[in-house]
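Chemist: turn this into a model:
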Amino acid sequence: MPLEVCVNSVQDAAKAQAAGAGRIELCANLSRGGTTPEPQEIRAARQLLKIPFRVMIRCRPDNFVYSSAEISVMKEQVLFAKNAGADGIVFGALCKDGSVDTETLTSIVRAAAPLPVTFHRAFDECDNPYASLHSIIACGCSTLLTSGLQPYAWQGLSLIKNLQQQYGTKIEIMPGSGITDSNAEEIICITGVKWIHASARVDSANGKIMSEEMIRKISRLLSKLKNS
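Modeler: You can find the predicted model right below:
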(Lines give C-alpha, C1' and ligand atoms only; values in the text may rest on other atoms or scores of the structure.)
Protein backbone atom coordinates (compact mmCIF):
# COMPACT_ATOMS: atom_id res chain seq x y z
CA MET A 1 0.00 0.00 0.00
CA PRO A 2 1.60 3.32 -1.10
CA LEU A 3 0.95 5.10 2.21
CA GLU A 4 3.84 6.12 4.43
CA VAL A 5 2.79 6.98 7.97
CA CYS A 6 4.95 9.18 10.17
CA VAL A 7 4.88 8.01 13.79
CA ASN A 8 6.24 9.21 17.10
CA SER A 9 6.75 5.80 18.72
CA VAL A 10 7.18 2.14 17.93
CA GLN A 11 3.75 1.52 19.48
CA ASP A 12 2.14 3.80 16.89
CA ALA A 13 4.27 2.16 14.19
CA ALA A 14 2.78 -1.24 15.02
CA LYS A 15 -0.75 0.22 15.05
CA ALA A 16 -0.18 1.94 11.71
CA GLN A 17 1.06 -1.31 10.20
CA ALA A 18 -2.05 -3.14 11.40
CA ALA A 19 -4.26 -0.38 9.97
CA GLY A 20 -2.78 -0.74 6.48
CA ALA A 21 0.31 1.48 6.20
CA GLY A 22 2.79 0.42 3.56
CA ARG A 23 5.82 2.10 5.10
CA ILE A 24 6.72 3.86 8.35
CA GLU A 25 8.74 6.97 9.06
CA LEU A 26 9.92 6.58 12.65
CA CYS A 27 10.87 9.71 14.56
CA ALA A 28 10.66 11.43 17.94
CA ASN A 29 9.27 14.89 18.79
CA LEU A 30 6.76 14.83 15.96
CA SER A 31 5.11 17.99 17.30
CA ARG A 32 8.36 19.84 16.56
CA GLY A 33 8.89 18.45 13.09
CA GLY A 34 10.57 15.21 14.11
CA THR A 35 13.99 14.29 15.49
CA THR A 36 16.05 11.10 15.64
CA PRO A 37 14.28 8.41 17.69
CA GLU A 38 15.97 6.72 20.62
CA PRO A 39 18.08 3.62 19.88
CA GLN A 40 15.68 1.31 21.71
CA GLU A 41 12.82 2.54 19.52
CA ILE A 42 14.74 1.67 16.36
CA ARG A 43 15.62 -1.79 17.66
CA ALA A 44 12.04 -2.45 18.72
CA ALA A 45 10.72 -1.30 15.35
CA ARG A 46 12.93 -3.85 13.60
CA GLN A 47 11.53 -6.59 15.81
CA LEU A 48 7.88 -5.60 15.48
CA LEU A 49 7.46 -4.39 11.89
CA LYS A 50 7.03 -6.49 8.79
CA ILE A 51 6.67 -3.44 6.52
CA PRO A 52 9.67 -1.21 5.70
CA PHE A 53 10.53 1.63 8.05
CA ARG A 54 12.74 4.65 7.56
CA VAL A 55 14.37 6.52 10.43
CA MET A 56 14.41 10.28 10.78
CA ILE A 57 17.93 11.62 11.32
CA ARG A 58 17.74 15.08 12.84
CA CYS A 59 19.72 15.86 15.98
CA ARG A 60 17.55 18.81 17.03
CA PRO A 61 14.42 20.72 16.00
CA ASP A 62 14.34 24.23 14.46
CA ASN A 63 16.37 25.01 11.32
CA PHE A 64 18.24 22.68 8.98
CA VAL A 65 21.62 24.45 8.97
CA TYR A 66 23.97 22.22 10.91
CA SER A 67 27.38 22.65 12.51
CA SER A 68 30.23 20.22 11.86
CA ALA A 69 29.72 18.76 15.36
CA GLU A 70 26.02 18.16 14.67
CA ILE A 71 26.83 16.53 11.34
CA SER A 72 29.25 14.14 13.07
CA VAL A 73 26.54 13.19 15.56
CA MET A 74 24.04 12.53 12.77
CA LYS A 75 26.47 10.39 10.81
CA GLU A 76 26.79 8.19 13.90
CA GLN A 77 23.00 8.08 14.15
CA VAL A 78 22.80 6.97 10.52
CA LEU A 79 25.27 4.16 11.09
CA PHE A 80 23.39 3.02 14.19
CA ALA A 81 20.04 2.99 12.38
CA LYS A 82 21.54 1.07 9.46
CA ASN A 83 23.16 -1.52 11.71
CA ALA A 84 19.96 -1.83 13.77
CA GLY A 85 18.02 -2.89 10.68
CA ALA A 86 16.30 0.26 9.42
CA ASP A 87 15.12 0.11 5.80
CA GLY A 88 15.95 3.72 4.99
CA ILE A 89 16.99 7.13 6.28
CA VAL A 90 15.11 10.44 6.32
CA PHE A 91 17.29 13.55 6.29
CA GLY A 92 17.65 17.10 5.05
CA ALA A 93 20.26 19.86 5.34
CA LEU A 94 20.39 23.41 4.01
CA CYS A 95 22.95 26.17 3.64
CA LYS A 96 22.34 29.59 5.13
CA ASP A 97 21.34 30.95 1.72
CA GLY A 98 18.44 28.49 1.44
CA SER A 99 20.13 26.09 -0.97
CA VAL A 100 20.68 22.38 -0.37
CA ASP A 101 23.82 21.57 1.65
CA THR A 102 25.12 19.13 -0.93
CA GLU A 103 28.35 18.37 0.93
CA THR A 104 26.52 17.27 4.07
CA LEU A 105 23.79 15.48 2.12
CA THR A 106 26.32 13.52 0.07
CA SER A 107 28.15 12.42 3.23
CA ILE A 108 24.88 11.21 4.79
CA VAL A 109 23.85 9.35 1.62
CA ARG A 110 27.23 7.63 1.56
CA ALA A 111 26.99 6.72 5.25
CA ALA A 112 23.49 5.30 4.71
CA ALA A 113 24.37 3.24 1.61
CA PRO A 114 22.94 0.95 0.45
CA LEU A 115 19.81 2.17 2.23
CA PRO A 116 17.57 4.70 0.40
CA VAL A 117 17.51 8.27 1.69
CA THR A 118 14.45 10.52 1.75
CA PHE A 119 15.10 14.26 1.64
CA HIS A 120 12.43 15.60 3.97
CA ARG A 121 10.49 18.87 4.13
CA ALA A 122 13.60 20.97 4.59
CA PHE A 123 13.02 21.15 0.83
CA ASP A 124 9.99 23.35 1.49
CA GLU A 125 12.29 26.05 2.88
CA CYS A 126 14.45 26.17 -0.26
CA ASP A 127 14.42 29.28 -2.41
CA ASN A 128 14.56 27.51 -5.80
CA PRO A 129 12.68 24.18 -5.82
CA TYR A 130 13.87 23.05 -9.23
CA ALA A 131 17.55 23.74 -8.64
CA SER A 132 17.23 22.23 -5.17
CA LEU A 133 15.65 19.03 -6.44
CA HIS A 134 18.33 18.73 -9.10
CA SER A 135 20.93 18.85 -6.31
CA ILE A 136 19.01 16.33 -4.19
CA ILE A 137 18.89 13.87 -7.08
CA ALA A 138 22.57 14.40 -7.86
CA CYS A 139 23.45 13.61 -4.23
CA GLY A 140 21.74 10.23 -4.54
CA CYS A 141 18.46 10.59 -2.65
CA SER A 142 15.67 8.22 -3.67
CA THR A 143 12.64 10.09 -2.31
CA LEU A 144 11.55 13.72 -1.84
CA LEU A 145 8.98 14.52 0.85
CA THR A 146 7.35 17.88 0.12
CA SER A 147 4.27 19.99 0.62
CA GLY A 148 5.04 21.96 -2.51
CA LEU A 149 6.65 24.85 -0.60
CA GLN A 150 3.33 25.50 1.14
CA PRO A 151 2.23 24.76 4.73
CA TYR A 152 0.04 21.89 3.50
CA ALA A 153 0.35 19.58 0.49
CA TRP A 154 -3.13 20.40 -0.81
CA GLN A 155 -1.99 24.02 -1.13
CA GLY A 156 1.10 23.08 -3.13
CA LEU A 157 -0.43 20.71 -5.67
CA SER A 158 0.65 22.70 -8.73
CA LEU A 159 4.33 22.51 -7.84
CA ILE A 160 4.08 18.89 -6.70
CA LYS A 161 2.47 17.98 -10.02
CA ASN A 162 5.21 19.78 -11.95
CA LEU A 163 7.94 18.07 -9.93
CA GLN A 164 6.32 14.68 -10.53
CA GLN A 165 6.04 15.31 -14.26
CA GLN A 166 9.62 16.56 -14.65
CA TYR A 167 11.49 14.38 -12.14
CA GLY A 168 9.20 11.48 -11.26
CA THR A 169 11.30 9.00 -13.23
CA LYS A 170 14.45 10.02 -11.33
CA ILE A 171 13.17 10.31 -7.76
CA GLU A 172 10.05 9.33 -5.84
CA ILE A 173 7.98 12.49 -5.23
CA MET A 174 5.92 12.04 -2.06
CA PRO A 175 3.47 14.72 -0.87
CA GLY A 176 3.12 15.21 2.86
CA SER A 177 1.56 17.62 5.40
CA GLY A 178 -2.17 17.87 5.98
CA ILE A 179 -3.07 14.73 4.03
CA THR A 180 -6.22 13.02 5.33
CA ASP A 181 -8.86 10.60 4.11
CA SER A 182 -10.83 13.60 2.81
CA ASN A 183 -8.15 14.84 0.38
CA ALA A 184 -5.80 11.90 -0.31
CA GLU A 185 -7.62 10.76 -3.45
CA GLU A 186 -7.70 14.26 -4.96
CA ILE A 187 -4.00 14.81 -4.22
CA ILE A 188 -3.00 11.58 -5.95
CA CYS A 189 -5.27 12.15 -8.95
CA ILE A 190 -4.06 15.71 -9.51
CA THR A 191 -0.34 15.12 -9.02
CA GLY A 192 0.11 11.58 -10.34
CA VAL A 193 2.38 10.59 -7.44
CA LYS A 194 2.80 6.95 -6.41
CA TRP A 195 3.21 7.46 -2.63
CA ILE A 196 1.71 9.81 -0.07
CA HIS A 197 2.84 10.60 3.48
CA ALA A 198 0.57 11.23 6.46
CA SER A 199 0.83 11.44 10.22
CA ALA A 200 -2.94 10.80 10.49
CA ARG A 201 -3.15 12.78 13.70
CA VAL A 202 -6.38 14.06 15.19
CA ASP A 203 -7.30 16.13 18.24
CA SER A 204 -8.05 14.39 21.51
CA ALA A 205 -8.39 15.32 25.17
CA ASN A 206 -4.68 14.55 25.54
CA GLY A 207 -3.55 16.46 22.48
CA LYS A 208 -2.81 15.14 18.98
CA ILE A 209 -2.96 11.35 18.60
CA MET A 210 -2.62 9.02 15.62
CA SER A 211 -5.93 7.85 14.16
CA GLU A 212 -5.91 4.22 13.09
CA GLU A 213 -9.33 4.74 11.51
CA MET A 214 -7.95 7.50 9.27
CA ILE A 215 -5.13 5.21 8.15
CA ARG A 216 -7.66 2.51 7.32
CA LYS A 217 -9.76 4.98 5.32
CA ILE A 218 -6.77 6.27 3.36
CA SER A 219 -5.63 2.70 2.71
CA ARG A 220 -9.06 1.79 1.34
CA LEU A 221 -8.99 4.84 -0.92
CA LEU A 222 -5.58 3.88 -2.27
CA SER A 223 -6.75 0.31 -2.89
CA LYS A 224 -9.73 1.63 -4.81
CA LEU A 225 -7.51 3.84 -6.95
CA LYS A 226 -5.11 0.97 -7.65
CA ASN A 227 -7.94 -1.30 -8.77
CA SER A 228 -9.85 1.31 -10.78
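Chemist: counting by contacts, list what the helix or strand containing Ile173 packs against.
Modeler: Assigned by DSSP states H and E, Ile173 falls within strand 172-175. If contacts are counted by 3 or more C-beta pairs under 8 Å, 6 or more residues apart in numbering; DSSP states H and E, strand 172-175 sits against strand 143-146, helix 157-167, helix 184-191, strand 196-198. Bear in mind the C-beta positions are built from the backbone N, C-alpha and C, glycine included.
Chemist: tell me where this structure is predicted with low confidence.
Modeler: For the chain, the stretches flagged by pLDDT under 70 are 1, 228.
Chemist: now with 90?
Modeler: By pLDDT under 90, the low-scoring segments of the chain are 1, 31-32, 127, 203-208, 223-228.
Chemist: and the strands in the chain?
Modeler: Along the chain, counting by DSSP state E, strands occupy 3-7, 23-26, 53-56, 88-91, 117-119, 143-146, 172-175, 196-198, 201-204, 207-210.
Chemist: could I get these as CSV with mean neighbour count?
Modeler: Below are those laid out as CSV (neighbours: other C-beta atoms under 10 Å):
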stretch, mean neighbour count
strand 3-7, 27
strand 23-26, 26
strand 53-56, 26
strand 88-91, 25
strand 117-119, 26
strand 143-146, 26
strand 172-175, 24
strand 196-198, 25
strand 201-204, 12
strand 207-210, 15
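Chemist: redo these as a markdown table? Include distance to Ser99.
Modeler: Listed next are the strands of the chain as a markdown table, based on distance: least, C-beta to C-beta, whole Å:
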| stretch | distance to Ser99 |
| --- | --- |
| strand 3-7 | 25 |
| strand 23-26 | 24 |
| strand 53-56 | 22 |
| strand 88-91 | 16 |
| strand 117-119 | 13 |
| strand 143-146 | 15 |
| strand 172-175 | 20 |
| strand 196-198 | 23 |
| strand 201-204 | 31 |
| strand 207-210 | 32 |
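Chemist: which one, of the ones you listed, ends up nearest to Ala111?
Modeler: strand 88-91 (8.4 Å; C-beta to C-beta).
Chemist: which residue packs closest to Arg110, ignoring adjacent ones?
Modeler: Gly140 (7.9 Å; C-beta to C-beta, 6 or more residues apart in numbering).
Chemist: surely the one you found touches Val117?
Modeler: Yes - if you go by C-beta atoms under 8 Å, Gly140 and Val117 touch, sitting 6.9 Å apart.
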